[in-house]
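Novice: With the sequence up front, the predicted model follows.
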Amino acid sequence: MPTSPIRAQAAARESSVRAKIPGSLARYHRAQQSLAGGVSTALRRSARPSPLYFQHAAGPRITDVDANSYIDYTLAWGPLILGHAHPAINRAIAAQLPLGHTYGAQHDLEFQVAELLCRAIPCADLIAYANSGTEIVQVALRLARAATGRTKYLKFEGHYHGWDDSVLVSYRPTRQQIDSAAGAPIPVGLGQRPNHETLAVEWNDRPAVERAFAEAGNDLAAVVCEPLLCNSGCLPPDPGFLAFLRDITTRHGTLLIFDEVITGFRLALGGAQQHYGITPDLATFAKAAGGGLPLSILAGRREFMTLIADGKVVHAGTLNGNPIALAAAKATLEELSRDNAAVYASLWQNGERLRQGMETLLRDSGHPIITSGAGPVFHLSFLDRQPRTYRDTLAADNALYSDLALALLDSGILVLPDGRWYLSTAHTPTEIDETLTALRQILEHPLA
Ligand SMILES: Cc1ncc(COP(=O)(O)O)c(C=O)c1O
């Protein structure tokens, strides 16, 4: 296409945003003097033109320290399924605060939330808690090793399972890294231990999975995947692919682990396993589980979870099951399950309306645009073909997406830098129409 109006206005948008965020720019400068990188998790540095500082948020909107208000589609990278500061979560936390922040001991919310989870999640006979997605994936893998007496596991390229050395491989490698790795797992950063236990193959590649099982099937403790690949383009499983994984793992005595840190409580109350109708042996949850507080969950079949119940597999953590996070989780689950989980219908409807609206506007203005994913979490890429694997996404024009994110920010719409969009139950057709109007304006009346 001739120069995109999105690209043409990027420099003007950058100046416009910079002029509006003096408070954030000054704070970021100050933070870098004492805080490594100036941010609390590395990815946040990629915000353009600069990381923003926020002062308050409610529902679908968030306000920065310079009093700019945005419709928020980042939702703290996923957790805020009910939107910001939902009154039910506020009430639950406020009720718990005077009763104690953490006991390091038992309390009623532990089993009350576990009971709700066992009712909602198909694979959940028993539950265990931790604080982050990274931690809980490690518990799941340890459990799989213990249950099978094997040490290796299979993951898929582009899938993210936290920052531990054991899983932080072959996550968004460059084409050059892929070519020079010759099939070996590719570490992401410096200082990672050599990884001899992970096999990484492409998502949706049945023959590659079959080859891995043919070569190492007797050594594979687990296959772990994001059932909807949200971290690299929201790529759905091909029809039958999850059933294939279920079948091949069962035949080899290997555990199937769904990492539902993003899809959990987002695609459906029972997660991707309910949505796709395939039940794994173990599943990990975080993000939406705590409604914005630190909580992660392992759900699994009794025959495996018994290893934790018996204390044969160590699962520990000072703050595990702390009452404030569980109060927030209980409120979140109660809100989501109200009226037979009726809220999911509008969450999906609003997500589809936004996704399709943007796709139409961008396509009609001559952009090669692909959206993938499902109502409450989708991905927008400047690509001319629907991707099936992480490698397909390497052809996307990420620089153009970054220019779009900048123009949206200038228009009061906050989105993640990587193309992923999250919706909450607090987003209504009003916010969605506002977003589509902003996009139309960007395309039809670009800043000079
Ligand atoms: C699918 C998936 N698994 C695991 C993790 C790690 O979770 P946490 O950041 O809470 O450690 C993430 C984080 O984004 C994730 O998306």
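Specialist: Thanks, I have the structure now.
Novice: can we go C-alpha only for contacts and neighbour counts from here?
Specialist: Will do.
Novice: For the nearest residue to Ser50 once chain neighbours are set aside, which residues are in contact?
Specialist: Of all residues not flanking Ser50 in the chain, Leu25 sits nearest, at 6.9 Å (CA to CA, 6 or more residues apart in numbering). With contacts defined as CA atoms under 8 Å, 6 or more residues apart in numbering, Leu25 is in contact with 18, 50-52.
Novice: What parts of this protein come near the ligand?
Specialist: Proximity of the chain to the ligand, by CA under 6 Å from any ligand atom, involves residues 132-134, 160-162, 226, 259-262, 286.
Novice: Any chance of the contacts of Leu25 in TSV with secondary structure and neighbour count as columns?
Specialist: Shown next, in TSV, are the contacts of Leu25 (DSSP: H, G, I helix; E, B strand; the rest coil; neighbours: other CA atoms under 10 Å):
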residue	secondary structure	neighbour count
Arg18	helix	16
Ser50	coil	16
Pro51	coil	17
Leu52	coil	20
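Novice: hmm, back to that, looks to me like the residue nearest to Ser50 is in a helix.
Specialist: Yes. Counting by DSSP: H, G, I helix; E, B strand; the rest coil, Leu25 is part of a helix.
Novice: Quick check, pLDDT for it.
Specialist: Listed pLDDT for Leu25 reads 98.
Novice: same thing with Met1?
Specialist: Per-residue pLDDT puts Met1 at 64.
Novice: Show me which residues of stretch 28-45 are buried.
Specialist: 28, 38, 44-45 (16 or more other CA atoms under 10 Å).
Novice: repeat for stretch 337-351
Specialist: Neighbour-count burial for stretch 337-351, counted by 16+ other CA under 10 Å, picks out 337, 343-344, 346-348, 350-351.
Novice: now the strands for the stretch 201-350 of the chain?
Specialist: For the stretch 201-350 of the chain, the strands defined by DSSP state E, counting those that start in this stretch occupy 220-225, 255-259, 282-285, 296-300.
Novice: Would you mind putting these into CSV with mean neighbour count and mean pLDDT alongside?
Specialist: Shown next, in CSV, are the strands of the stretch 201-350 of the chain (neighbours: other CA atoms under 10 Å; pLDDT from 0 to 100):
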stretch, mean neighbour count, mean pLDDT
strand 220-225, 27, 98
strand 255-259, 28, 98
strand 282-285, 30, 98
strand 296-300, 28, 98
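Novice: Which of those sits closest to Ala214?
Specialist: When the strands of the stretch 201-350 of the chain are compared by CA to CA, strand 220-225 sits nearest Ala214, at 10.6 Å.
Novice: So what's the residue count around whatever residue of the stretch 301-448 of the chain ends up closest to the ligand?
Specialist: Using CA to the nearest ligand atom, the closest approach of the stretch 301-448 of the chain to the ligand is made by Arg420 at 11.3 Å. Neighbourhood size, Arg420 [other CA atoms under 10 Å]: 24.
Novice: among the buried residues of stretch 337-351, which are in helices?
Specialist: Using DSSP state H, the subset of the buried residues of stretch 337-351 located in helices is 337, 343-344, 346-348, 350-351.
Novice: can you redo those as a markdown table with pLDDT?
Specialist: Below are those laid out as a markdown table (pLDDT from 0 to 100):
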| residue | pLDDT |
| --- | --- |
| Ser337 | 97 |
| Val343 | 97 |
| Tyr344 | 98 |
| Ser346 | 97 |
| Leu347 | 97 |
| Trp348 | 97 |
| Asn350 | 97 |
| Gly351 | 97 |
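Novice: so what pLDDT did the residue of the chain found nearest the ligand get?
Specialist: In the chain, the residue that lies nearest the ligand is Gly133 (3.2 Å; CA to the nearest ligand atom). Gly133 carries a pLDDT value of 98.
Novice: Does it touch Ala289 like I think?
Specialist: No. Using CA atoms under 8 Å, Gly133 is not in contact with Ala289, being 10.3 Å away.
Novice: Now for those two: what residues contact both?
Specialist: Common contacts of Gly133 and Ala289, defined by CA under 8 Å, 6+ apart, comprise Ser296.
Novice: out of these two, which sits in the more crowded spot?
Specialist: More crowded of Gly133 and Ala289, by other CA under 10 Å: Ala289, with 28 against 25.
Novice: Not counting sequence-adjacent ones, nearest residue to that one?
Specialist: Using CA to CA, 6+ apart and skipping residues adjacent in sequence, the residue nearest Ala289 is Ala329, 5.8 Å away.
Novice: Who are the contact partners of that neighbour?
Specialist: Applying CA under 8 Å, 6+ apart to Ala329 gives the contacts 113, 289-291.
Novice: So what touches the host helix or strand of Arg440?
Specialist: Per DSSP states H and E, Arg440 falls inside helix 429-444. For helix 429-444, contacts defined as CA under 8 Å, 6+ apart pick out 5-6, 60, 71, 350, 353-354, 357-358, 361-362, 365, 407-408, 411, 413.
Novice: let's see it at 10 Å
Specialist: With contacts defined as CA atoms under 10 Å, 6 or more residues apart in numbering, helix 429-444 is touched by 4-6, 9, 60-61, 71-72, 346, 349-351, 353-355, 357-358, 361-362, 364-365, 404, 407-414, 423, 445-447.
Novice: which among those end up buried?
Specialist: The neighbour count (16+ other CA under 10 Å) marks 5-6, 9, 60-61, 71-72, 346, 350-351, 353-355, 357-358, 361-362, 404, 407-414, 423, 446-447 as buried among these.
Novice: Filter these down to just the ones in strands.
Specialist: Of the buried ones among the contacts of helix 429-444, the ones assigned to strands by DSSP state E are 61, 71-72, 413-414.
Novice: In terms of residue numbering, what are the domains of this protein?
Specialist: Domain assignment of the chain by automatic domain parsing yields the ranges 5-73+342-444, 87-339.
Novice: Now do the helices in the stretch 301-448 of the chain.
Specialist: Taking DSSP state H, counting those that start in this stretch, the helices of the stretch 301-448 of the chain run over residues 302-309, 323-341, 343-364, 390-393, 398-410, 429-444.
Novice: for the stretch 101-250 of the chain, same thing?
Specialist: 108-120, 133-148, 175-181, 206-216, 241-252.
Novice: what packs against the second one?
Specialist: It refers to helix 133-148. Counting contacts by 3 or more CA pairs under 10 Å, 6 or more residues apart in numbering; DSSP states H and E, helix 133-148 packs against strand 126-130, strand 152-156, strand 220-225, strand 255-259, strand 282-285, strand 296-300, helix 302-309.
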